[in-house]
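A.B. asks: how would this look folded up:
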Amino acid sequence: MGTQRNTTKPNSRAYRPQAAAIRAALVELPAEGCTLPVPDLPKSREWSDVEQDRWSELWESPQATQWDDSCRGTVALLVQYESRLLSGDGGTAWVAQECRYASESLGLTPKAMAALGWRIADGK
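C.D. replies: This next block holds a predicted model:
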């Protein structure tokens, strides 16, 4: 039988950080969402009312508290991808894949939130 692994050494495969340390590293996002002003939509095209509503909805989400202006392009692309997919106009597998990538990069999926260390606060 081999030597027992030391669970206190970070380089050991048996090392597991304490659950409290993991919870402490999480960023608590406000359940009520982001209260900052919603940025203007890019002027590159005409946006439908549904797209404008989705833009506002995304920028008022809890995840938006972690975004800055550099995310505007990704949010705009996500709105366009979702619009194409939901309208049936050009909703290809490529568009669906790009939509997923944009959602994950913005932390909008449970998997992405976990990877980024985000969780939505209990809102109590």
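A.B. asks: who's in contact with residue 84?
C.D. replies: 90-91, 95 (C-beta atoms under 8 Å, 6 or more residues apart in numbering). Any C-beta I mention is one placed from the backbone N, CA and C, and that applies to glycine too.
A.B. asks: Can you say which of those are buried?
C.D. replies: Buried members of these, scored by 16 or more other C-beta atoms under 10 Å, are 91, 95.
A.B. asks: Just put the contacts of residue 84 in CSV and tack on pLDDT and distance to residue 33.
C.D. replies: Formatted as CSV, these follow (pLDDT from 0 to 100; distance: C-beta to C-beta, whole Å):
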residue, pLDDT, distance to residue 33
90, 74, 30
91, 78, 28
95, 92, 27
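A.B. asks: Output the contacts of residue 84 in a markdown table; the columns should cover secondary structure.
C.D. replies: Putting the contacts of residue 84 into a markdown table (DSSP: H, G, I helix; E, B strand; the rest coil) gives the following:
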| residue | secondary structure |
| --- | --- |
| 90 | coil |
| 91 | coil |
| 95 | helix |
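A.B. asks: Looking at the contacts of residue 84, which is nearest residue 28?
C.D. replies: Residue 28 has its nearest neighbour among the contacts of residue 84 in residue 95, at 33.2 Å by C-beta to C-beta.
A.B. asks: from memory that closest one sits against residue 85, does it?
C.D. replies: Yes: look at residue 95 against residue 85 with C-beta atoms under 8 Å: they come within range, at 6.0 Å.
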